[in-house]
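Student: here are the coordinates; sequence isn't available:
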């Protein structure tokens, strides 16, 4: 295979990249010579991968994530690794161990998170496309805040092999780009079965976006316009939905009562899984070495205390507690029951409608430091976590601005109907071009 | 158990006595230690002998290679790596479940067992918890009072952790090294009900289990560290446990961990019985505890209890799908297992029940015997393999694999055709085994016979030897004449010496007696 090199020296004023590859190699294929940024929690052979954490400082994976192998095989040039909330735990990219990323459209605001670096790299014109990962909205939120397109595929559609796990049962790697078309193009490369990921399904994505949505039934859950949603954002999103109606879609309002438990179910599940996933970072194999004069338990406690950020420590403690004997039934098991209710809501609604639509985020991008209170940050995930709990595909597509900042329209589809989600977003995008 | 209890009637009597005892004892006074019954349950971990690891494609054949050479992102637990189940390991586990008469659950689930230890690279072990592969089976063993069923509570699959090497000894290590070659080797854990009543029964259970696993071609007992046992043991007033089942709240049980050999189990349990008896005798309570078996000293030592009381925070492994294999197990055909083979040996070869049990108790031995029996007298072969050969091999610490069936076929044939006396045949066998041990092959039995001149000759030389002995030993002959039986045996010995043991003892006996009596006449 012929490999060529290009030069990549982005003017990164927003701290989008943690690592850049100045002369990335590329080959031939559908992504020939395209510079693509990779979120820093996706393993890249020979390229530093920290997941935004100090505890992985200096870690260079000896292997490529499955999606990276696929990108390289299609000729892409890996431009670098993008900043993120540590291990994906955040909605702002302020929780990075390497400093926050700023929103290219307003440097006083956050780019959203946790895939904030990927979104900022695209919005800032540094790369055409990027990979993100979405555990509870981490692709869609920064896509909405930075005015780009981001797809969280159906759970199982894209291999997670090589994605540094935060909450395995919720997260997916997904494409981010300026347009729906490019998002779809990237999706086509990364989707497909991978025997190394037992939760991956054998369903390739071979699709060209189609803007004809005549007769498509679009459900709008009332809960997506409930308390906490900025009326200006809500108005923008309604405008977008009306645009879809003009293109032949049928709009029906509906209810999603499971939403009442969605955030609680999400946070118990993701912190539980995270507490287990992150236990391996004990200072023996990764990051700065522990003080070997200390006893093993003391040494690793010290390393974990020093190298994990505050939000990560908070979530590890929450998850450890939720899984503890005597509390498992009260928290983890209950969260799974609530999760099932959310899934049931989707199943019921999808008998009547083809897709669901609403805002991606309740507000426009926060100002830096605005979400210092963790609970208020968690609450801002309310509209994105249902898709992760149910494993359904969901996309965020820009639908205008409020106060100069972008607003995202979220479209969620039936499981494994990522194509329908893409088409609906495409129909909107084409209508307003 | 006293001998009286062997018969049904006395058993019933003694039980009713104890029921009365139960009532009075529950009023307060502790039972005397002599009446205690040993209650043993086992948790056995066996490495499944697959070609690759449980969740990755790394080779399991690591023992002769350097540390950390059989590793990959998955078994090193590198960030982002995911497990993918080895179907062969599931098939092996299903074979075990079926052979142990277990019910395979419709759906079983892998769970994460979370704990920090440097040999555990992910800081959790992928195991099975509330939904194991299979439950509710049994294994028939030769108990102290005849055949008994040891019930199997559950069989589940899990991954082996890595291994720590403590430089400078386990107690005062200067530093520890970690080797992840073993990480991810498939294990099955077999948990029994507390159905064993003596260390001997525990050992027999393990032997039977080992034989069964080897018959299933899923386990290699000769691989170092392929079997590890945790034993639960308590001493309870005789009979109480069986009557009251699990509702019985008796003395606490002690878990002995870290037993890694078959002999070790018997040793550890025997030590533990003595230790617990002494505690009870002193009127002290047995504390529920975990103890470690120190193989080199044959003792158990207390573990620091805090370290053992872990909350493993089990939850379903999100990276693996639940297993639905209950219909698969129906399609699995089991090979002939030890009990069936034992019955066949008795029927087909005329083996005695004891010989048949010994021969079928080990797969390689059984295969060896069948090769011998196919070409030599089966009953004679059984005696020679099960009694003589095993004894001689054990004495030299050799395995059955070091001898070839052809040697045994020839030896048994030579004995059968009376070319060799039993005594000289043993001599030939020893010569051959010593030769193998010293790596100086002694040759075939015939060659050994010829070289050492051990072959029985025709009885023609015996009369000459007898005549010589009678002439050379007048005192012994006189003693015989005066009725001393020892003198006859002495004379037999002298003739044997002259004929280099080649004379058939029975024949010699008759001939010497005749010669002595003829002389008197």
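Tutor: Perfect, I can see it now. Note that the structure is a prediction, hence the values are computed from the model and not measured. Numbers count the residues shown, from 1 in each chain, chains lettered A, B, ... in the order given.

Student: Contacts only, for the residue in the stretch 401-521 of chain B that chain A sits nearest to.
Tutor: Nearest residue of the stretch 401-521 of chain B to chain A: residue B:401, at 37.9 Å (CB to the nearest CB). In short, each C-beta sits where N, CA and C put it, glycine included. Going by CB atoms under 8 Å, 6 or more residues apart in numbering or on different chains, residue B:401 touches residue B:364.

Student: Flag every buried residue along stretch B:141-150.
Tutor: Within stretch B:141-150, the residues that count as buried by 16 or more other CB atoms under 10 Å in any protein chain shown are B:141-143, B:148, B:150.

Student: Do you know the pLDDT at the residue of the stretch 401-521 of chain B closest to chain A?
Tutor: With respect to pLDDT, residue B:401 has a value of 90.

Student: Please, where are all the strands along the chain?
Tutor: Just going to use chain A. A:4-5, A:17-20, A:25-26, A:35-39, A:77-82, A:129-134, A:149-152, A:172-177, A:217-221, A:250-254, A:355-359, A:394-402, A:405-413 (DSSP state E).

Student: The chain in question should be chain B.
Tutor: With DSSP E as the criterion, chain B has strands at B:36-47, B:103-104, B:110-114, B:124-128, B:134-143, B:146-159, B:163-167, B:175-179, B:186-192, B:227-237, B:254-259, B:289-294, B:299-302, B:315-316.

Student: Surely residue B:141 is in contact with residue B:208?
Tutor: Yes - the pair residue B:141 / residue B:208 is scored as a contact, 4.9 Å apart, by CB atoms under 8 Å.

Student: What residues does the stretch 301-450 of chain B have near chain A?
Tutor: Where the stretch 301-450 of chain B comes near chain A, counting by CB under 8 Å from any CB of the partner chain, the residues are B:311, B:313-315, B:318-321.

Student: Narrow the residues you listed to just the buried residues.
Tutor: Buried members of those, counted by 16+ other CB under 10 Å: B:313-315, B:318-320.

Student: Save those residues as TSV, and put in pLDDT too.
Tutor: TSV is the format used below for these (pLDDT from 0 to 100):
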residue	pLDDT
B:313	96
B:314	96
B:315	96
B:318	98
B:319	98
B:320	98
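
Student: Now for the residue most central in space within chain B: which residues touch it?
Tutor: The centroid of chain B falls nearest to residue B:207 when counting by CA atoms, centre = their mean (3.2 Å). Residues in contact with residue B:207, defined by CB under 8 Å, 6+ apart, are B:262, B:361.

Student: Could you do residue A:78 as well?
Tutor: Residue A:78 makes contact with A:21, A:24, A:36, A:38, A:44, A:47, A:68, A:71-72 under the criterion CB under 8 Å, 6+ apart.

Student: From residue A:28, how far off is residue A:49?
Tutor: Distance of residue A:49 to residue A:28, given as CB to CB, to the nearest Å: 26 Å.

Student: Neighbour count: these two, which is higher?
Tutor: With neighbours defined as other CB atoms under 10 Å in any protein chain shown, residue A:49 and residue A:28 compare such that residue A:49 has more, 25 against 14.

Student: Do I have it right that the more buried one meets residue A:59?
Tutor: Yes - the criterion here is CB under 8 Å, and residue A:49 meets it with residue A:59 at 5.9 Å.

Student: Next, show the common contact partners of the two.
Tutor: The contact sets of residue A:49 and residue A:59 overlap at residue B:79 (CB under 8 Å, 6+ apart).

Student: For chain A, which residue gets nearest to chain B?
Tutor: For chain A, the residue closest to chain B is residue A:279, as judged by CB to the nearest CB, at 3.4 Å.

Student: Give the full set of residues in contact with that residue.
Tutor: Neighbour list for residue A:279: B:114, B:116, B:122-124 [criterion: CB under 8 Å, 6+ apart].

Student: least confident pick among those?
Tutor: Across the contacts of residue A:279, the bottom pLDDT score, 88, is held by residue B:116.

Student: any idea how far it lies from chain A?
Tutor: Going from residue B:116 to chain A by CB to the nearest CB, to the nearest Å gives 7 Å.

Student: Would you mind confirming that that residue is in contact with residue A:282?
Tutor: Yes - contact status for residue B:116 versus residue A:282: in contact at 6.6 Å, counting by CB under 8 Å.
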